[in-house]
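# Let's see this in three dimensions:
(2 chains)
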Amino acid sequence: MRITQGTFSFLPDLTDDQIRSQIEHCLENGWAVSIEHTDDPHPRNTYWEMFGNPMFDLRDAAGVMVEVDAARTTFPSHYIKVNAFDATRGVESLRLSFIVNRPDPEPGFGLVRQEAEGRSIRYTVHAYAADRPEGERYP
Amino acid sequence: MLPYGCRSNDEEHIDVESGNHPEAPLEAAERYRAGVLKYAQMGYWDPQYEPKDTDVLALFRITPQDGVDPVEAAAAVAGESSTATWTVVWTDRLTAADSYRAKAYKVEPVPGSPDQHFAYIAYDLALFEPCSIANLSASIIGNVFGFKPLRALRLEDMRFPAAYVTTFDGPPTGIVVERERLDKFGRPLLGATTKPKLGLSGRNYGRVVYEALKGGLDFTKDDENINSQPFMHWRDRFLFCMEAVNRAAAATGEVKGHYLNVTAGTMEDMYERAELARDLGSVVVMIDLVIGYTAIQSMSKWARRNDMILHLHRAGHGTYTRQKAHGISFRVISKWMRLAGVDHIHAGTVVGKLEGDPNMVQGFYNVLREPHNPIDLQRGLHFEQDWVGLRKVMPVASGGIHAGQMHQLLHYLGDDVVLQFGGGTIGHPMGIQAGATANRVALEAMVLARNEGRDIWNEGPDILAAAARGCRPLEAALDTWGEITFDYTSTDTPDYVPTATPA
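Take a look at the predicted model:
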């Protein structure tokens, strides 16, 4: 399967040129760019690990690309995403978030059903990879 | 103006342009003598009045009957929407009547419409109960729309003072928190309404939901009139839909949602339905505009208590928003609904099958999404409006739109919008999943290109064609619908158009 979180997951994996172009767009808008990674891509896992602090006041996308490469080298089989944060009052949240690295293959998720009262069912989305300890989830 | 036999014989022409009007305020003894006065004489017309920052302001488009003076018509609207009745009453003198009277303070001709005038009216804040759209609307539109001396009347716009806005909770979730909860950033959200909207069993209905969500949509939606009919009990629909939603979430690793329509005949029934939706883990419930303003505010409170996104379908609005001469502009409904507190509201597509002039629709979107609206006559915004931190409503574009229009949709509507492709997903020749995928790929390709600095307005078709070369479902969608447009003249259009000025 292919996890389709992030802004561009339905497109073919972005090339480095395409990634750089998106980062330039973010910097032109004054957004702070950050990199995060995880081996637990559950849809409700909000807090991926931060790969360094958000990069404020950058002018050149090259600096971010260096960090993207470093993250890929350090965690080649993790999900890695690039986020852009907009501190404008009334937004103060992410404006863009897209995946730039993913494991191969992606084992995906199972759905655990607990039959409850009536015909109700309580659902749990379960990542197969999360059955193994952190750090050992992808080959 | 007055068919009742008026004490004043003054039939002088009133100079609307200059605001001069012969009806000088009367001395108290004269003013309150039993009988009938012109509304302007009763104090409902005051061209010298300077609206206070704390006043509620309203702009009406008035079309007086033949021979009725526009200023007197404006004063009558001010009177009938505040303290007046048709005759003088001495009990006014038991109140601070001067301050409670609404005041028409400006009347001007509508550009290009000789029989119509814009009437600006100011209302003291104390006339309104805090946090009640029912009370507000009972005053502003409660009585005046059937008033005989007017041939037609339309509420065009309103301005709410900060002191009034802050009495409302506003959207229970808002655009920012909705995106954070769903973990979806940087692009419009995608939805589809299940079709056919009537007749499917719960099991078959859930199939459509699963296919569309797995294929790439973020949301699917009940239609406005799918409640609990003989062919599908509401509980069946909720149970099958949530199976579909959760299966699709597991298949994609994304948060997914289905707008479960909890509209019902009573509040008790709506609460019962909303509670089951919550217990099953839905992130969103839906209501129809026809349930009424009080029911909407009640459901908003419920949604806040239960961390639920509240989707509003504007069912019925076309009966009073579409015609330019009479009714209520949808921008006023948009303002009321932002105050009342909904998270989603259908607000037009510009390019789809339903009414929507581009400028008017952008005006509605600005009202719903911006922290502050400047005066923007071209988009129908006649007042400055500060939303004082009130959360933002996500507009929904739904009705006759398809993947081939993606560049136009993104150009007109921006990122913070739900694009709903019902027929454009479910009617896809390769199936529902393929239809959803086509829309998602078209959207992501267009956002990517826009962010790269490309001119999507002109290059849009090329960008879509390039994306379709790697995506058979998008290719098929463009082959099927690429040429479909809905070019009809809008009925609700701007009164002001920009004129070119020499540089």
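# For the rest of this, base every contact and every neighbour count on C-alpha atoms.
Fine.
# Do me a favour and get the backbone dihedrals for residue 114.
Assuming you mean chain A. The phi/psi pair for A:Q114 (degrees, to the nearest 10) reads phi -110, psi 120.
# think we crossed wires, I meant chain B
Recorded main-chain torsions at B:P114 are phi -60, psi -30, according to degrees, to the nearest 10.
# so where do the helices sit in chain A?
Ranges of helices within chain A are A:16-28, A:61-74, based on DSSP state H.
# Tell me which of the ones you listed approaches chain B most closely.
helix A:16-28 (5.7 Å; CA to the nearest CA).
# May I see the buried residues of that closest one?
Counting neighbours by 16 or more other CA atoms under 10 Å in any protein chain shown, one finds that the buried residues in helix A:16-28 are A:I19, A:R20, A:S21, A:Q22, A:I23, A:E24, A:H25, A:C26, A:L27.
# tell me, which of these make contact with chain B?
A:S21, A:Q22, A:H25 (CA under 8 Å from any CA of the partner chain).
# was I right about the second one contacting B:R450?
When you say that, I think you mean A:Q22. No: the pair A:Q22 / B:R450 is not scored as a contact, 9.7 Å apart, by CA atoms under 8 Å.
# From the chain's centroid, how far away is the helix or strand hosting B:Y271?
For B:Y271, the host element (DSSP states H and E) is helix B:267-279. On the basis of CA atoms, centre = their mean, to the nearest Å, helix B:267-279 sits 25 Å off its chain's mean C-alpha point.
# check contacts around residue 87.
In the absence of a named chain, this looks at chain A. The neighbours of A:A87, taking CA atoms under 8 Å, 6 or more residues apart in numbering or on different chains as the test, are A:W31, A:S93.
# hm, I was asking about chain B
B:A34, B:G35, B:V36, B:L37.
# Got phi/psi on the residue lying closest to the third one once chain neighbours are set aside?
It refers to B:V36. Excluding its sequence neighbours, the residue lying closest to B:V36 (CA to CA, 6 or more residues apart in numbering or on different chains) is B:T87, at 4.7 Å. Main-chain dihedrals, B:T87, degrees, to the nearest 10: phi -130, psi 170.
# Next one: B:T87 relative to A:S9, how far apart?
To A:S9, B:T87 is 69 Å away according to CA to CA, to the nearest Å.
# ditto for B:M308
26 Å.
# what about those two, which has more around it?
Shown here are B:M308 and A:S9; by other CA atoms under 10 Å in any protein chain shown, B:M308 has more neighbours (23 against 19).
# That one against B:V285, yeah?
Yes: between B:M308 and B:V285 there is a contact under CA under 8 Å: 6.9 Å.
# Give me the angle between the helix or strand following the helix holding B:Y271 and helix B:267-279.
Sequence-wise, the next helix or strand downstream of helix B:267-279 (DSSP H and E) is strand B:284-288. Orientation check (axes from the mean of the first three to the mean of the last three CA atoms, to 10 degrees): strand B:284-288 against helix B:267-279 gives 160 degrees.
# helices or strands next to strand B:284-288 in the packing?
Applying 3 or more CA pairs under 8 Å, 6 or more residues apart in numbering or on different chains; DSSP states H and E, one finds that strand B:284-288 contacts strand B:257-261, strand B:309-313.
# can you give me the mean pLDDT across the last one?
Predicted confidence along strand B:309-313 averages 98 (mean pLDDT).
# Render the CA-only coordinates of it in PDB, please.
Taking C-alpha atoms only, strand B:309-313 is exported to PDB below (Å, rounded to 0.1, in the frame of the first residue of the first chain):
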ATOM      1  CA  ILE B 309     -16.900  19.400  12.900                       C
ATOM      2  CA  LEU B 310     -20.400  20.800  12.000                       C
ATOM      3  CA  HIS B 311     -21.300  20.800   8.400                       C
ATOM      4  CA  LEU B 312     -24.200  23.000   7.200                       C
ATOM      5  CA  HIS B 313     -26.000  22.400   3.900                       C
END
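# residues in contact with B:T193?
B:T220, B:K221, B:D222, B:D223, B:Q420, B:F421, B:G422, B:G423.
# out of those residues, which one sits closest to B:G79?
Of all the contacts of B:T193, B:G79 sits closest to B:D223, with 40.4 Å by CA to CA.
# Give me the neighbour count for that closest one.
22.
# who's in contact with it?
When contacts are counted by CA under 8 Å, 6+ apart, B:D223 touches B:T193, B:T194, B:K197, B:N261.
# Which of the three states applies to it?
coil (DSSP: H, G, I helix; E, B strand; the rest coil).
# Pick out the residue of chain A closest to chain B.
Counting by CA to the nearest CA, chain A gets nearest chain B through A:L96, at 4.2 Å.
# Could you check the pLDDT of that residue?
Value for A:L96, per-residue pLDDT: 98.
# again, but for B:T501
59.
# The buried residues of helix A:16-28: which two are farthest apart?
Between all members of the buried residues of helix A:16-28, the farthest pair (by CA to CA) comes out as A:I19 and A:L27, at 12.5 Å.
# Backbone dihedrals for B:P172, please?
Residue torsions, per degrees, to the nearest 10, at B:P172 are phi -60, psi -30.
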